[in-house]
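Q: Sharing a sequence plus its predicted fold:
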Amino acid sequence: MKITFPYWGNYTIAFKTLFKKLGLDVVPPEKTNPRAIEDGAKISPEMYCLPLKINIGNYLSAIKRGADTIFMVTSLGGSCRLRYYGAIQEKVLSDAGYDINFIVFDQTPKDIYKKIKEVSGASFWQIIKAGWFFYEKLRLIEKLEKMANYLRPRERIKGGTDKILMQAFLDLDKINIKKELAEFKKEIEQKISKIEIDKEKVVPKVGLVGEIFTVSDGAVNFGIEEKLGKEEVEVHREMDITYHLKKRVFPWKDWLIQRKINPYLGSTVGGHGRDAIYEMLNYVKKDFDGLIQLLPFGCMPEVTIRPILQKIHLKSGIPFLSLSLDEQAAEAGINTRIEAFVDVVKNYHNKKKKI
(Lines give C-alpha, C1' and ligand atoms only; values in the text may rest on other atoms or scores of the structure.)
Protein backbone atom coordinates (compact mmCIF):
# COMPACT_ATOMS: atom_id res chain seq x y z
CA MET A 1 0.00 0.00 0.00
CA LYS A 2 1.37 3.38 -1.06
CA ILE A 3 -0.48 6.23 0.60
CA THR A 4 -0.83 9.90 -0.21
CA PHE A 5 -2.86 12.81 1.16
CA PRO A 6 -3.85 16.37 0.19
CA TYR A 7 -1.11 18.99 0.10
CA TRP A 8 -1.73 21.56 2.84
CA GLY A 9 0.94 24.25 3.01
CA ASN A 10 3.73 23.69 5.52
CA TYR A 11 1.49 21.25 7.42
CA THR A 12 2.34 18.74 4.70
CA ILE A 13 5.71 18.26 6.44
CA ALA A 14 4.03 17.17 9.69
CA PHE A 15 1.55 14.81 8.01
CA LYS A 16 4.31 13.20 5.96
CA THR A 17 6.28 12.56 9.16
CA LEU A 18 3.23 11.10 10.92
CA PHE A 19 2.59 8.50 8.23
CA LYS A 20 6.27 7.58 7.96
CA LYS A 21 6.51 7.18 11.73
CA LEU A 22 3.63 4.72 11.50
CA GLY A 23 5.66 2.63 9.07
CA LEU A 24 3.59 3.44 5.99
CA ASP A 25 4.96 3.77 2.46
CA VAL A 26 4.30 7.44 1.64
CA VAL A 27 4.05 9.17 -1.73
CA PRO A 28 4.10 12.85 -0.63
CA PRO A 29 1.83 15.21 -2.58
CA GLU A 30 3.58 17.76 -4.76
CA LYS A 31 3.24 21.41 -3.84
CA THR A 32 0.00 22.82 -5.22
CA ASN A 33 0.63 24.49 -8.59
CA PRO A 34 -1.45 25.79 -11.54
CA ARG A 35 -1.23 22.42 -13.30
CA ALA A 36 -2.60 20.54 -10.27
CA ILE A 37 -5.47 23.04 -9.93
CA GLU A 38 -6.28 22.75 -13.65
CA ASP A 39 -6.20 18.94 -13.61
CA GLY A 40 -8.36 18.76 -10.49
CA ALA A 41 -10.93 21.26 -11.77
CA LYS A 42 -11.18 19.39 -15.07
CA ILE A 43 -12.74 16.27 -13.52
CA SER A 44 -14.41 17.77 -10.39
CA PRO A 45 -18.04 18.94 -10.04
CA GLU A 46 -18.10 22.52 -11.33
CA MET A 47 -20.01 23.98 -8.37
CA TYR A 48 -17.78 22.45 -5.71
CA CYS A 49 -15.26 24.69 -3.98
CA LEU A 50 -11.61 25.25 -4.74
CA PRO A 51 -10.13 23.09 -1.93
CA LEU A 52 -11.84 19.96 -3.27
CA LYS A 53 -10.57 20.60 -6.78
CA ILE A 54 -7.04 21.21 -5.49
CA ASN A 55 -7.17 17.98 -3.47
CA ILE A 56 -8.12 16.06 -6.62
CA GLY A 57 -5.21 17.65 -8.50
CA ASN A 58 -2.82 16.67 -5.68
CA TYR A 59 -4.09 13.07 -5.84
CA LEU A 60 -3.69 12.80 -9.62
CA SER A 61 -0.04 13.82 -9.38
CA ALA A 62 0.62 11.31 -6.58
CA ILE A 63 -1.26 8.52 -8.41
CA LYS A 64 1.07 8.97 -11.39
CA ARG A 65 3.96 8.35 -8.98
CA GLY A 66 2.48 5.11 -7.66
CA ALA A 67 0.04 6.07 -4.88
CA ASP A 68 -2.89 3.67 -4.52
CA THR A 69 -4.41 4.76 -1.18
CA ILE A 70 -5.59 8.21 -0.10
CA PHE A 71 -5.91 9.50 3.47
CA MET A 72 -8.57 12.20 3.75
CA VAL A 73 -9.01 14.02 7.06
CA THR A 74 -12.46 15.47 7.76
CA SER A 75 -12.23 15.79 11.54
CA LEU A 76 -11.75 19.56 11.82
CA GLY A 77 -15.30 20.21 12.93
CA GLY A 78 -17.86 22.37 11.18
CA SER A 79 -20.76 21.27 9.02
CA CYS A 80 -19.80 22.30 5.51
CA ARG A 81 -19.26 19.98 2.54
CA LEU A 82 -15.87 18.94 3.93
CA ARG A 83 -17.74 16.07 5.59
CA TYR A 84 -18.55 14.69 2.14
CA TYR A 85 -15.17 15.32 0.54
CA GLY A 86 -14.00 11.71 0.87
CA ALA A 87 -17.12 10.25 -0.76
CA ILE A 88 -17.22 12.88 -3.52
CA GLN A 89 -13.50 12.62 -4.27
CA GLU A 90 -13.64 8.84 -4.41
CA LYS A 91 -16.52 9.01 -6.90
CA VAL A 92 -14.80 11.67 -9.00
CA LEU A 93 -11.64 9.57 -9.31
CA SER A 94 -13.65 6.40 -9.93
CA ASP A 95 -15.63 8.08 -12.73
CA ALA A 96 -12.32 9.24 -14.23
CA GLY A 97 -11.10 5.62 -14.31
CA TYR A 98 -8.91 5.51 -11.19
CA ASP A 99 -9.27 2.55 -8.82
CA ILE A 100 -8.09 4.11 -5.54
CA ASN A 101 -8.66 3.06 -1.95
CA PHE A 102 -9.92 5.91 0.27
CA ILE A 103 -9.41 6.00 4.04
CA VAL A 104 -11.48 8.81 5.52
CA PHE A 105 -10.98 9.97 9.11
CA ASP A 106 -14.31 10.74 10.76
CA GLN A 107 -15.12 13.21 13.52
CA THR A 108 -13.99 11.28 16.61
CA PRO A 109 -10.47 10.57 17.97
CA LYS A 110 -11.59 6.98 18.58
CA ASP A 111 -12.38 6.54 14.88
CA ILE A 112 -9.05 8.07 13.85
CA TYR A 113 -7.10 5.77 16.21
CA LYS A 114 -9.02 2.70 15.03
CA LYS A 115 -8.34 3.37 11.36
CA ILE A 116 -4.66 4.20 11.89
CA LYS A 117 -4.17 0.97 13.83
CA GLU A 118 -6.03 -1.05 11.22
CA VAL A 119 -4.04 0.37 8.32
CA SER A 120 -0.57 0.59 9.88
CA GLY A 121 -0.61 -2.34 12.31
CA ALA A 122 1.26 -0.10 14.77
CA SER A 123 1.00 -0.69 18.51
CA PHE A 124 -0.74 1.70 20.89
CA TRP A 125 2.55 3.26 22.00
CA GLN A 126 3.84 3.57 18.43
CA ILE A 127 0.71 5.50 17.52
CA ILE A 128 1.01 7.72 20.60
CA LYS A 129 4.70 8.46 19.89
CA ALA A 130 4.02 9.14 16.21
CA GLY A 131 1.09 11.40 17.13
CA TRP A 132 3.14 13.37 19.64
CA PHE A 133 6.05 13.82 17.22
CA PHE A 134 3.54 15.00 14.60
CA TYR A 135 2.12 17.51 17.09
CA GLU A 136 5.58 18.84 17.99
CA LYS A 137 6.38 19.44 14.33
CA LEU A 138 2.99 21.00 13.75
CA ARG A 139 3.42 23.42 16.67
CA LEU A 140 6.90 24.39 15.47
CA ILE A 141 5.57 25.07 11.97
CA GLU A 142 2.87 27.36 13.35
CA LYS A 143 5.33 29.10 15.67
CA LEU A 144 7.75 29.81 12.80
CA GLU A 145 4.94 31.16 10.62
CA LYS A 146 3.78 33.52 13.38
CA MET A 147 7.35 34.70 14.05
CA ALA A 148 7.82 35.39 10.34
CA ASN A 149 4.65 37.51 10.24
CA TYR A 150 6.08 39.66 13.04
CA LEU A 151 9.58 39.94 11.55
CA ARG A 152 8.87 40.58 7.85
CA PRO A 153 7.56 44.16 8.16
CA ARG A 154 10.38 45.10 10.55
CA GLU A 155 13.44 43.45 8.98
CA ARG A 156 16.24 45.76 7.88
CA ILE A 157 17.38 43.48 5.05
CA LYS A 158 14.29 42.60 3.02
CA GLY A 159 13.79 38.92 2.28
CA GLY A 160 16.05 37.70 5.07
CA THR A 161 13.21 36.17 7.10
CA ASP A 162 11.74 34.23 4.17
CA LYS A 163 15.18 32.94 3.18
CA ILE A 164 15.75 31.47 6.66
CA LEU A 165 12.17 30.17 6.84
CA MET A 166 12.36 28.40 3.49
CA GLN A 167 15.55 26.57 4.49
CA ALA A 168 14.12 25.79 7.92
CA PHE A 169 11.12 23.97 6.42
CA LEU A 170 13.38 22.04 4.03
CA ASP A 171 15.50 20.90 7.00
CA LEU A 172 12.47 20.15 9.16
CA ASP A 173 11.10 17.86 6.46
CA LYS A 174 14.16 15.60 6.84
CA ILE A 175 14.01 15.26 10.64
CA ASN A 176 12.49 12.04 11.98
CA ILE A 177 14.20 11.69 15.38
CA LYS A 178 13.08 13.50 18.54
CA LYS A 179 16.62 14.43 19.59
CA GLU A 180 17.31 15.97 16.17
CA LEU A 181 14.08 17.95 16.40
CA ALA A 182 15.10 19.39 19.80
CA GLU A 183 18.49 20.42 18.39
CA PHE A 184 16.85 21.91 15.31
CA LYS A 185 14.55 24.07 17.47
CA LYS A 186 17.57 25.61 19.21
CA GLU A 187 19.41 26.19 15.93
CA ILE A 188 16.49 27.85 14.17
CA GLU A 189 15.76 30.09 17.17
CA GLN A 190 19.38 31.25 17.11
CA LYS A 191 19.21 32.00 13.38
CA ILE A 192 15.96 33.92 13.74
CA SER A 193 17.31 35.92 16.69
CA LYS A 194 20.10 37.18 14.42
CA ILE A 195 17.69 38.73 11.92
CA GLU A 196 18.15 42.49 12.17
CA ILE A 197 14.87 44.29 12.79
CA ASP A 198 13.75 47.77 13.73
CA LYS A 199 12.22 47.12 17.15
CA GLU A 200 10.93 50.66 17.43
CA LYS A 201 9.07 50.52 14.15
CA VAL A 202 5.29 50.79 14.48
CA VAL A 203 3.56 49.01 11.61
CA PRO A 204 -0.11 48.52 10.64
CA LYS A 205 -1.71 45.24 11.78
CA VAL A 206 -4.09 43.23 9.61
CA GLY A 207 -6.12 40.20 10.70
CA LEU A 208 -6.65 37.27 8.34
CA VAL A 209 -9.90 35.29 8.70
CA GLY A 210 -11.84 32.78 6.63
CA GLU A 211 -11.88 29.15 5.52
CA ILE A 212 -8.94 27.27 7.01
CA PHE A 213 -7.52 25.79 3.80
CA THR A 214 -7.42 29.04 1.83
CA VAL A 215 -6.20 31.01 4.85
CA SER A 216 -3.33 28.73 5.88
CA ASP A 217 -1.91 27.48 2.56
CA GLY A 218 0.30 30.03 0.83
CA ALA A 219 0.22 28.00 -2.39
CA VAL A 220 -3.54 28.61 -2.56
CA ASN A 221 -3.75 32.26 -1.42
CA PHE A 222 -0.77 33.42 -3.52
CA GLY A 223 1.43 33.93 -0.46
CA ILE A 224 -0.71 36.72 0.96
CA GLU A 225 1.11 36.76 4.32
CA GLU A 226 4.48 37.23 2.59
CA LYS A 227 3.05 39.90 0.29
CA LEU A 228 1.63 41.92 3.20
CA GLY A 229 4.86 41.51 5.16
CA LYS A 230 6.89 42.94 2.28
CA GLU A 231 4.49 45.90 2.25
CA GLU A 232 5.45 46.45 5.92
CA VAL A 233 2.14 45.17 7.31
CA GLU A 234 2.05 42.75 10.26
CA VAL A 235 -0.33 39.82 9.73
CA HIS A 236 -2.20 37.94 12.46
CA ARG A 237 -4.01 34.66 11.83
CA GLU A 238 -5.84 32.57 14.44
CA MET A 239 -7.17 29.96 12.02
CA ASP A 240 -4.83 26.97 12.17
CA ILE A 241 -4.90 23.29 13.19
CA THR A 242 -3.97 24.00 16.82
CA TYR A 243 -6.94 26.38 17.06
CA HIS A 244 -9.26 23.53 16.14
CA LEU A 245 -7.52 21.01 18.36
CA LYS A 246 -8.09 23.34 21.31
CA LYS A 247 -11.77 23.54 20.42
CA ARG A 248 -11.92 19.73 20.48
CA VAL A 249 -10.20 19.55 23.86
CA PHE A 250 -12.15 22.48 25.34
CA PRO A 251 -15.69 22.13 23.92
CA TRP A 252 -16.94 25.19 25.83
CA LYS A 253 -14.88 27.35 23.45
CA ASP A 254 -17.71 27.13 20.91
CA TRP A 255 -20.16 28.27 23.58
CA LEU A 256 -17.99 31.32 24.32
CA ILE A 257 -17.73 32.11 20.62
CA GLN A 258 -21.49 31.92 20.13
CA ARG A 259 -22.09 34.06 23.20
CA LYS A 260 -19.86 36.83 21.86
CA ILE A 261 -21.29 36.84 18.33
CA ASN A 262 -24.97 36.57 19.38
CA PRO A 263 -25.73 40.21 18.45
CA TYR A 264 -24.72 39.37 14.87
CA LEU A 265 -25.53 35.66 14.41
CA GLY A 266 -27.80 33.49 16.54
CA SER A 267 -26.83 30.05 15.21
CA THR A 268 -24.13 28.13 13.42
CA VAL A 269 -23.75 28.45 9.65
CA GLY A 270 -21.23 25.62 9.34
CA GLY A 271 -17.58 25.68 8.37
CA HIS A 272 -15.61 28.47 10.02
CA GLY A 273 -18.30 31.15 9.75
CA ARG A 274 -18.76 31.81 13.46
CA ASP A 275 -15.01 31.80 14.01
CA ALA A 276 -14.52 34.55 11.41
CA ILE A 277 -17.05 36.84 13.14
CA TYR A 278 -15.51 36.12 16.54
CA GLU A 279 -12.00 36.83 15.26
CA MET A 280 -13.00 40.06 13.53
CA LEU A 281 -14.63 41.36 16.72
CA ASN A 282 -11.41 40.57 18.60
CA TYR A 283 -9.28 42.36 16.00
CA VAL A 284 -11.52 45.43 16.21
CA LYS A 285 -11.25 45.36 20.01
CA LYS A 286 -7.44 45.17 19.73
CA ASP A 287 -7.47 48.24 17.45
CA PHE A 288 -6.19 46.52 14.30
CA ASP A 289 -5.85 48.49 11.08
CA GLY A 290 -7.54 46.12 8.65
CA LEU A 291 -9.11 42.73 8.06
CA ILE A 292 -9.03 40.33 5.11
CA GLN A 293 -11.46 37.47 4.59
CA LEU A 294 -10.24 34.63 2.38
CA LEU A 295 -12.74 32.11 1.09
CA PRO A 296 -13.27 29.62 -1.73
CA PHE A 297 -15.73 30.93 -4.29
CA GLY A 298 -19.20 29.63 -3.42
CA CYS A 299 -18.29 28.56 0.12
CA MET A 300 -21.73 28.75 1.76
CA PRO A 301 -20.62 29.43 5.38
CA GLU A 302 -18.19 32.20 4.38
CA VAL A 303 -20.59 33.78 1.87
CA THR A 304 -23.33 33.75 4.53
CA ILE A 305 -21.28 35.63 7.11
CA ARG A 306 -19.65 38.10 4.69
CA PRO A 307 -22.48 40.67 5.09
CA ILE A 308 -22.00 40.42 8.87
CA LEU A 309 -18.28 41.13 8.50
CA GLN A 310 -19.17 44.09 6.27
CA LYS A 311 -21.59 45.33 8.92
CA ILE A 312 -18.83 45.21 11.56
CA HIS A 313 -16.56 47.02 9.10
CA LEU A 314 -19.11 49.82 8.62
CA LYS A 315 -19.80 50.09 12.33
CA SER A 316 -16.14 50.16 13.42
CA GLY A 317 -14.55 51.84 10.41
CA ILE A 318 -11.84 49.18 10.11
CA PRO A 319 -10.79 48.58 6.47
CA PHE A 320 -12.16 45.29 5.13
CA LEU A 321 -11.36 43.20 2.04
CA SER A 322 -13.03 39.94 1.01
CA LEU A 323 -11.20 37.75 -1.53
CA SER A 324 -12.97 34.80 -3.17
CA LEU A 325 -10.61 32.26 -4.72
CA ASP A 326 -11.33 29.72 -7.44
CA GLU A 327 -9.44 28.04 -10.29
CA GLN A 328 -9.89 31.19 -12.41
CA ALA A 329 -8.24 33.52 -9.88
CA ALA A 330 -5.16 35.26 -11.29
CA GLU A 331 -2.26 36.37 -9.09
CA ALA A 332 -1.98 39.71 -10.92
CA GLY A 333 -5.57 40.58 -10.06
CA ILE A 334 -5.11 39.53 -6.43
CA ASN A 335 -1.92 41.62 -6.19
CA THR A 336 -3.73 44.71 -7.48
CA ARG A 337 -6.46 44.37 -4.86
CA ILE A 338 -3.95 43.75 -2.06
CA GLU A 339 -1.86 46.78 -3.05
CA ALA A 340 -4.95 49.01 -3.07
CA PHE A 341 -6.04 47.60 0.30
CA VAL A 342 -2.60 48.20 1.82
CA ASP A 343 -2.84 51.88 0.85
CA VAL A 344 -6.20 52.11 2.64
CA VAL A 345 -4.80 50.31 5.70
CA LYS A 346 -1.76 52.61 5.93
CA ASN A 347 -3.91 55.73 5.60
CA TYR A 348 -6.22 54.44 8.33
CA HIS A 349 -3.20 53.62 10.53
CA ASN A 350 -1.60 57.05 10.02
CA LYS A 351 -4.86 58.90 10.78
CA LYS A 352 -5.14 57.04 14.09
CA LYS A 353 -1.60 58.09 15.05
CA LYS A 354 -2.46 61.76 14.48
CA ILE A 355 -5.50 61.65 16.76
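A: Received, thanks. These figures come from a predicted structure and were not determined experimentally. Numbers count the residues shown, from 1 in each chain.
Q: Contact partners for V345?
A: Counting by Cβ atoms under 8 Å, 6 or more residues apart in numbering, V345 touches P204, V206, V233, D289, G290, P319. Heads up, the C-betas are built off the backbone N, CA and C, glycines and all.
Q: who touches the residue most central in space within the chain in this structure?
A: Centrality entry for the chain: nearest residue to the mean C-alpha point is S216, 2.2 Å, by Cα atoms, centre = their mean. Residues in contact with S216 (Cβ under 8 Å, 6+ apart) are W8, G9, Y11, R237, M239, D240.
Q: Closest one of those residues to R139?
A: D240 (9.8 Å; Cβ to Cβ).
Q: Measure how buried the closest one is and give me the count.
A: Neighbourhood size, D240 [other Cβ atoms under 10 Å]: 19.
Q: Would you confirm that it contacts I212?
A: Yes. Proximity of D240 to I212 meets the contact threshold set by Cβ atoms under 8 Å, at 7.5 Å.
Q: mind checking pLDDT for K201?
A: As predicted, K201 sits at a pLDDT of 91.
Q: Three-state assignment for it, please.
A: Assigned with DSSP: H, G, I helix; E, B strand; the rest coil, K201 falls in the coil class.
Q: Now it: closest residue in space that isn't a chain neighbour?
A: Distances taken as Cβ to Cβ, 6 or more residues apart in numbering put R154 closest to K201, at 5.1 Å, once the chain neighbours are dropped.
Q: immediately after the least confident helix or strand in the chain by mean pLDDT, which helix or strand?
A: Sorting the helices and strands of the chain by mean pLDDT, DSSP states H and E puts helix 109-120 at the bottom, at a mean of 78. Per DSSP states H and E, helix 109-120 leads on to helix 124-151 as the next helix or strand towards the C-terminus.
Q: Let me see the mean pLDDT of that following helix.
A: 94.
Q: Over to stretch 223-230?
A: 96.
Q: so how far is it off the chain centroid?
A: 15 Å (Cα atoms, centre = their mean, to the nearest Å).
Q: quick one: low-confidence ranges for this structure?
A: Confidence mapping of the chain against pLDDT under 70 gives the ranges 75-83, 106-109, 355.
Q: Lovely, talk soon.
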